[in-house]
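[1] sequence first, then the predicted structure, then my questions.
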Amino acid sequence: MKARVWLPLLAFVALALLLARGLQLNPRELPSPLVGRPVPALQLSALHPGGAPFDTRAWPGRVTVLSVWASWCAPCQEEHPRLVALARRHPGVRFAGLNYKDEAGAARRWLQQLGDPFAEVGADTDGRAGIELGVYGVPETFVIDAAGRVAYKHVGPLTDDALARHIEPLLGGAR
């Protein structure tokens, strides 16, 4: 008889503890199996006709910020001024864009209107490069170290806090 009373109570306490732990987690900090590993070898068509080729195999030797974005993405538009300002503050860092599942003309117009901080922009029209990177959705930002390894992944629009706490320290001396 006593077990009948205590079992539901123990189950409730266990669920309450799990819920409390889950509420302490930051949903923006999704684990990525790529962190600490080489960035996947990706070669994509340039978004801009005659633009710089998008080839991650050429990235080692220089810190790279990779932004995954789309013109149809409202949060991408929200974060874009921060990305442009970050590129201005760090001219020694390569900024690359991965235009995700987007229409090329719309993407080019979007960059023309909002500013283009990217040295190269790859057109990922079918989303395969996004799959290789483990993209959950747009926007996402990766920092690739000078050795070509993924140092950090940010899911969602960049915030001032994320820039100050996570991204700027990784760009540190690369000005």
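    Noted; the coordinates are in hand.

[2] if I read this right, L171 contacts V65, doesn't it?
    Yes - with contact defined as C-beta atoms under 8 Å, L171 reaches V65; the gap is 7.4 Å. From N, CA and C alone the C-beta is placed, and that goes for glycine too.

[3] the more surrounded of the two?
    Using other C-beta atoms under 10 Å as the criterion, L171 and V65 rank with V65 on top: 26 against 18.

[4] tell me which helix or strand the more buried one sits in.
    strand 64-69 (DSSP states H and E).

[5] would you map the strands across the chain?
    43-44, 54-55, 64-69, 94-100, 120-124, 140-144, 150-155 (DSSP state E).

[6] which regions of the protein lie under the pLDDT threshold?
    The model of the chain has pLDDT under 70 over residues 1-3, 5, 11, 13-32, 173-175.

[7] ok, G61 to P33 distance?
    24 Å (C-beta to C-beta, to the nearest Å).

[8] actually A52, not the one I wrote
    On the measure of C-beta to C-beta, A52 and P33 end up 28 Å apart.

[9] more crowded one of the two?
    More crowded of A52 and P33, by other C-beta under 10 Å: A52, with 15 against 9.

[10] can you tell me, leaving aside adjacent residues, what's nearest to that one?
    E120 (4.0 Å; C-beta to C-beta, 6 or more residues apart in numbering).

[11] distance of that neighbour from F12?
    54 Å.

[12] who has more neighbours out of these two?
    E120 (23 against 10).

[13] list the residues that contact the more buried one.
    E120 makes contact with A46, G51, A52, P53, F54, R94, A96, G97, according to C-beta atoms under 8 Å, 6 or more residues apart in numbering.

[14] how about 7 Å then?
    A46, G51, A52, P53, F54, A96 (C-beta atoms under 7 Å, 6 or more residues apart in numbering).

[15] surely the third one is in contact with L44?
    No - between A52 and L44 no contact is recorded; they are 11.2 Å apart, counting by C-beta atoms under 7 Å.

[16] OK, contacts around L47?
    N99, A104, A107, R108, V121, G122, A123.

[17] now the first one. Nearest residue, chain neighbours left out?
    Counting by C-beta to C-beta, 6+ apart, N99 lies nearest to A107, which is 4.7 Å off, once chain neighbours are set aside.
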